[in-house]
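Peer 1: What follows is a predicted protein model with its sequence.
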Amino acid sequence: MKVQQFLSVNRISVLVSIIFLFSCSKESNPPGPAADPCAGKTIVLTAAATASSPCGNTGTVTVSATGSTGFAFKLNNSGAYQASGTFNSVPAGTYTVFAKDAAGCEKTTSVTVNGTGVPGPLFAAVKTLMSGTCQPCHNNSTQNGGMNWANQCNIIQFQSRIKIRAVDEGSMPQGGPELSPAQKAIITGWITAGGRLED
Ligand code: HEC
């Protein structure tokens, strides 16, 4: 009788401690994940771009966002967040634009900075002229005076030196013959029109 009583008491205490364990372990569970601070926000990101010249990083990207506050913006994952939504001096290319609000909620979109890059007829004529008369001494491997006329961006960048040496002074091509009036007119015509790739 005593043994039986002991056993049943013991059984109850085991049961109680199992229940206790369960309720305890339930209460000591870590709290579930905090409410998502980005849930319910509808961040709308708008990005626009202007084209970049092929010989310089002259494109721009303008970004704006709605649906939250305290936004910061960056271009591409590797970029640095900034408060301004305007990015200057951007080379041609396609970018992922990021916006992040004060709570860290991020939104991305894609924007393309086009390259203005189609050579116009006046520039093409200068390039053709220079490839025959100037490139023998100014090319990818020989760059007299630091000038490489095989690189069309160099022609655009140093157009005033080209005019001084080949048109005004007539000191290039070095050793002559001096360019003809018609050839000089090709250079001045392009520069007068704006001296750009697309002229
Ligand atoms: C036979 C070789 C030769 C040819 C052809 C030649 N150059 Fe040069 N060029 C040189 C040398 C050498 C220098 C460096 C010495 C100097 O500046 O005079 C130079 C330097 C230059 C410079 C840089 C110096 C400066 O004044 O800014 C320019 C610009 C230039 N050349 C333009 C031209 C143009 C444009 C043509 C074609 C119409 C041309 N060259 C053809 C040999 C040549």
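Peer 2: Right, received. Where do you want to start? This structure is a prediction, so every number in the text was calculated from the model and none was measured. Numbers count the residues shown, from 1 in each chain.
Peer 1: Going by C-alpha atoms from here, please, whenever you check contacts or count neighbours.
Peer 2: Will do.
Peer 1: quick one: Gln135 and Gln82, what's the gap?
Peer 2: 44 Å (C-alpha to C-alpha, to the nearest Å).
Peer 1: The chain against the ligand: which residues are in contact?
Peer 2: Applying C-alpha under 6 Å from any ligand atom, one finds that the chain approaches the ligand through 130, 133-134, 136-137, 144-145, 147, 161-162, 165-166, 172-174.
Peer 1: Domains in this protein, by residue range?
Peer 2: 44-113, 121-192 (automatic domain parsing).
Peer 1: Is it possible to get CSV of these that adds mean pLDDT, distance to Glu198 and mean neighbour count?
Peer 2: Listed next are the domains of the chain as CSV, based on pLDDT from 0 to 100; distance: least, C-alpha to C-alpha, whole Å; neighbours: other C-alpha atoms under 10 Å:
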stretch, mean pLDDT, distance to Glu198, mean neighbour count
domain 44-113, 95, 9, 17
domain 121-192, 96, 7, 16
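Peer 1: With distance to Pro37 added, can I get those in CSV?
Peer 2: Shown next, in CSV, are the domains of the chain (distance: least, C-alpha to C-alpha, whole Å):
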stretch, distance to Pro37
domain 44-113, 7
domain 121-192, 49
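Peer 1: So which residues of this structure form strands?
Peer 2: 44-50, 59-66, 72-75, 86-90, 93-100, 106-113 (DSSP state E).
Peer 1: can you give me how far the second one is from the chain middle?
Peer 2: Relative to its chain's centre, strand 59-66 lies at 12 Å (C-alpha atoms, centre = their mean, to the nearest Å).
Peer 1: Thank you kindly, that will do.
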